[in-house]
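Asks: Below is the sequence, then the predicted model.
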Amino acid sequence: MSMSPVEGVALAEIDSGGGGADAPKEKGFVGRSPGQLAMLRLRRDRTAMVSGAMLVFFVLVGLAAPLIEALYGISPRDQFQAKLDGFGMPLGYAGGVSGDHFFGLEPNLGRDIFIRLVYGLRTSLLIAFAAAVITAVIGIALGALAGYLGGWLDAVINWITDLTLAMPFLIIALALTPTLTLRFYGERDAVSPAFGVGVLIAVFAIFGWTGTARLVRGQVIALREREFVEAAKASGAGLAHMLFRQLLPNIWAPILVSFSLAVPQFITSEAALSFIGVGLTEETPSFGRMIYQSLDYLQTDPAFVFFPGITIFALVFAFNLFGDALRDALDPKSSR
Amino acid sequence: MRPRVAAAAGGAIALVVALGACSENTGEGTTVDTNRQQTGVIATDPKDSKGPAAEVPGAQKGGTFTIIRETPISHLDPQRTYSFAGLMASPLFSRYLTTWKDDGKGGLVLVGDLAETPGTNVNNDCKVWEFKIKDGVKFEDGRPITSKEIAYGIARSFDPDLSGGPTYIQEWLADSPQFDTKWDFKANKTSLPPGLTTPDPKTLRFEFAKPRCDLPFAVSLPTTAPLPADKDTGVNLDNQPFSSGPYKIAKNQVGVQLTLDRNPHWDPNTDPVRHQYPDQFVWSFGPTADAANNRVIADNGADQSAIAWNFVPASLVAKVANDPALKQRTILSPTPSANQLVINNQRVKDLKIRQALNYAIDREGLIKSVGGQTVASPLTTLMPPSTIGFKAYDAYPAGANGNVEKAKELLGGQTPELVLGVADSTTEQQIGTQLKGNLERAGFKITVRNIPDDSKLDEVKKKDNPWDLYIGNWAADWPSGASILPVLYDGRTIKPEGNSNSAFFNDPAINAEFDRILALPPAEQGPEWAKLDERIMKEHAPVVPLYVDVAYLVHGSKAGGVFVSSVFGYPSFVNAYVKQ
């Protein structure tokens, strides 16, 4: 099956091209804006609909975490060590799966995996989305300015990009977190989970924008000399109009693709960073932390690896498929 | 195409999980008996110190015995040996003044090694000690070992360039922690440190300013390994130590592999503990704990006569323990390494709170959270069960899971807010989470504060550290209360930094008891330390004893004779052999 419903697209193109705004309702010709067209194409794409529905589902689950906790009756910090054997492994089938514990129990601490996954989903999605949005905004703004204006501004922005790329991400993250923690909290104060989340988002934002910035800059430079841009410039359009009305609408596709790839990448980065002690603490339920912890139990408690693993697989897969479909819908002519 | 691929992938994953889920874990057969009766004495009969060591049942000569370990041994130079790997490797190629005859089941006897007896307390005041050296003891080149070479070995441990080893004997001889400034080895290579004399080639004499009743124990550490002055290569001795034991260094590829061959000049008739069964010992460095254990479990080729030095990692424990075929190839034994929840007594001054913590602790849950009974065994005393004279007691009996009601009753409705400092390592993070849940159920308010892993030990040893609770660990250098209680709980030793007494416990009556017991003859100290242990816990509860580490080792099907040392808690190789 093809991802993009070609026939539908072709029809829609003819519709808008041939009909135009002058001839509404004539022989079934309908006038549609490019946005409406994209939506139409998206709606006809089954893959997009399924992956989109999954994303909506994940987001809803994440948002409704406290509600699910109330219904489920178990909090992410509750321990059920009586249901573990002498080695700290869950009793029963498949890592302790039962009517009480849908996805079983963690080895050692004996916490419920299902409710921790629900809360972990919320943490991870929040971090990944926030970081992706911030990096996209920074990247688009700097990239578009550098590409469109050129000259000394381009040189400076390029220089900053290179500098950021040259900075060792892990080392700075490792050095920054404890320093920041000590700056804002005394040695006896509890560090709130929100602080850890904030630090992670900030670290991602500082280091993550370079890719988008370079991408946007390149695209803008390619468009800069085109006739429609020249025309807009000749008719006296201002900088904002040029950027937001003329240039950006034409480069949404690559931006969306890079955004849809950035989100799952941030989810996995959050996992790695939490593991080496930067950012989130053990108390905050987090996807990444769970997956890293579970890897040790691949041989002895595969179910513990399976449930977080399949969830992150589904989440990242859905993101990538939806990103693909979105690109197809926005820019059906670009080659894959 | 894509949905089919996705379906296939999903199906494969589901299948794997279904297969994994087939077996139900009923918890049966996963109980581990780690009890062993610990007895320890000092040999009074000189016959005990005579060789040869009793034959190991079933032992055969020949073969190559391999030890697989993740990181290299930090020092091979006996005077610089202090790591557990070093302490367990060293007896293969060095002999000391005294050593432990260890049956691996808890029976410990301190015997003379190069000395005929574990020392003579000349005036019965522990200030003057004499050791008579055995006849027929030789170096790897056939030269006889005399008191001169042993004294030279001790003298070179004063050299600040050769640091890393234990410092008891040096500090006692110099009567100062800054022993290297009191006596300069480099300037006096031909003389001996103050108080150390060799009246004749068969006699070594120690004279101390203060009573040092623990000397027979202290000289069982590798500091007393002999070395002829002409074989001293300084810092290079680390690569090629000069052997006095049953094996000598054949080849040392630093950081990769250490090969030991038989030493033909070693005489079994002089040695009460060591054997010379395998042709070769090979220490192989590099594989991670997981990789080493998986290799030994697979039991192929040369790995059949190998042992993984690193304990079975938590991730493999359930697999190893539930495999009946592996049962004969595993060694399970508690170690003397004791873990406590240290209470900062400078901050938590209310005895009731400290007692409530002791009642509240859920040891069973804590042990599950660190990996279960093959990783840890519960402890209710200050000294581990492997200590000489140990007497089991529980000053705050609350059952395996703690007594929340009793703790709440002691707290009397108040909610003490305590800060628990934990290292940001995976294990301590889990312990922190576990303790927070556990203690908050008992009416405490616990704040978990992370401390960077590499600086945690230094930070909690600072006198004015800001935390109320932290995890402490103590593994003594010899199984006497003297190397545990006064070190950890003598309040007069508290200094600004580097405190072993990280509970900052200080009680004049207890301090006086330390002085009284330390002046007793070593053989009489055991029961006294046990009594004091119980008294400290009952009257002051300065810490919450948690668990002792458990050694869980797996070896190949042809490796035999390995046991876990009752002194250090790591595998000992003096009885090791290869089944042919």
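Replies: Sure, I can see it.
Asks: list the contacts for B:I343?
Replies: Taking C-beta atoms under 8 Å, 6 or more residues apart in numbering or on different chains as the contact definition, B:I343 lies against B:354, B:357, B:468-469, B:503, B:541-544. Heads up, the C-betas are built off the backbone N, CA and C, glycines and all.
Asks: tell me the two of the residues you listed that are most distant?
Replies: The largest distance within the contacts of B:I343, taken as C-beta to C-beta, falls between B:D468 and B:A541 and amounts to 13.9 Å.
Asks: Assumed B:Q170 was part of a helix.
Replies: Yes - checked against DSSP: H, G, I helix; E, B strand; the rest coil, B:Q170 lies within a helix.
Asks: Surely it is in contact with B:P193?
Replies: Yes - the criterion here is C-beta atoms under 8 Å, and B:Q170 meets it with B:P193 at 7.4 Å.
Asks: coming back round to it: from the contacts of B:I343, pick the one nearest A:F184.
Replies: Relative to A:F184, the closest of the contacts of B:I343 is B:D468; by C-beta to C-beta it sits at 21.3 Å.
Asks: and the closest residue to the closest one other than its chain neighbours, helix, strand or coil?
Replies: With C-beta to C-beta, 6 or more residues apart in numbering or on different chains as the measure, B:L418 is the residue that lies nearest to B:D468, at 4.2 Å, once sequence neighbours are left out. Here B:L418 is strand, with the state taken from three-state DSSP.
Asks: what's near enough to touch B:L418?
Replies: The contact partners of B:L418, by C-beta under 8 Å, 6+ apart, come to B:348, B:439, B:444-447, B:468-469.
Asks: Name only those of those residues that count as buried.
Replies: Listed as buried from the contacts of B:L418 are B:348, B:439, B:444, B:446-447, B:468-469; burial here means 16 or more other C-beta atoms under 10 Å in any protein chain shown.
Asks: Which single one of those is nearest to B:K148?
Replies: Minimum distance to B:K148 across the buried ones among the contacts of B:L418 is 51.4 Å, recorded for B:L469 (C-beta to C-beta).
Asks: Regarding chain A, what is its longest helix?
Replies: Ranked by residue count, the top helix of chain A under DSSP state H comes out as helix A:113-149.
Asks: Can you name the next helix or strand after that one?
Replies: Under the assignment DSSP states H and E, the closest C-terminal helix or strand after helix A:113-149 is helix A:151-166.
Asks: and the helix or strand following that following helix with chain B, contact?
Replies: If you walk from helix A:151-166 toward the C-terminus, the next helix or strand you reach (DSSP H and E) is helix A:169-184. Yes - residues of helix A:169-184 are located near chain B by C-beta under 8 Å from any C-beta of the partner chain, namely A:P178.
Asks: Now helix A:169-184: average pLDDT?
Replies: On average, the pLDDT along helix A:169-184 is 80.
Asks: Which positions in that helix come out as buried?
Replies: Taking 16+ other C-beta under 10 Å as the basis for neighbour counts, the residues of helix A:169-184 that come out buried are A:169, A:173, A:177-178, A:181.
Asks: can you give me the strands for the stretch 351-500 of chain B?
Replies: Listed in chain order, the strands of the stretch 351-500 of chain B (DSSP state E, counting those that start in this stretch) span residues B:376-378, B:417-423, B:445-451, B:469-474.
Asks: Which elements pack onto the first one?
Replies: What it means is strand B:376-378. Under the contact criterion of 3 or more C-beta pairs under 8 Å, 6 or more residues apart in numbering or on different chains; DSSP states H and E, the helices and strands touching strand B:376-378 comprise helix B:363-370, strand B:543-554.
Asks: List the contacts of residue 103.
Replies: Defaulting to chain A. Applying C-beta under 8 Å, 6+ apart, the residues contacting A:F103 are A:95, A:97, A:112-114, A:117, A:303, A:307.
Asks: wrong one, chain B
Replies: Contacts of B:D103 were listed using C-beta under 8 Å, 6+ apart, and they are B:F563.
Asks: And it, how close does it get to chain A?
Replies: Per C-beta to the nearest C-beta, to the nearest Å, B:D103 is found 27 Å from chain A.
Asks: so what's that residue scoring on pLDDT?
Replies: Looking at B:D103, its pLDDT is 82.
Asks: What is the neighbour count of B:A475?
Replies: 20 (other C-beta atoms under 10 Å in any protein chain shown).
Asks: Kindly apply the preceding question to A:L165 instead.
Replies: Applying the criterion other C-beta under 10 Å, we find 12 residues in the vicinity of A:L165.
Asks: Let me know whether it touches A:G211 as I believe.
Replies: No - between A:L165 and A:G211 no contact is recorded; they are 9.0 Å apart, counting by C-beta under 8 Å.
Asks: Now for B:Q170 and B:P193: what residues contact both?
Replies: Residues within reach of B:Q170 and of B:P193 at once, by C-beta under 8 Å, 6+ apart, are B:154, B:158, B:179.
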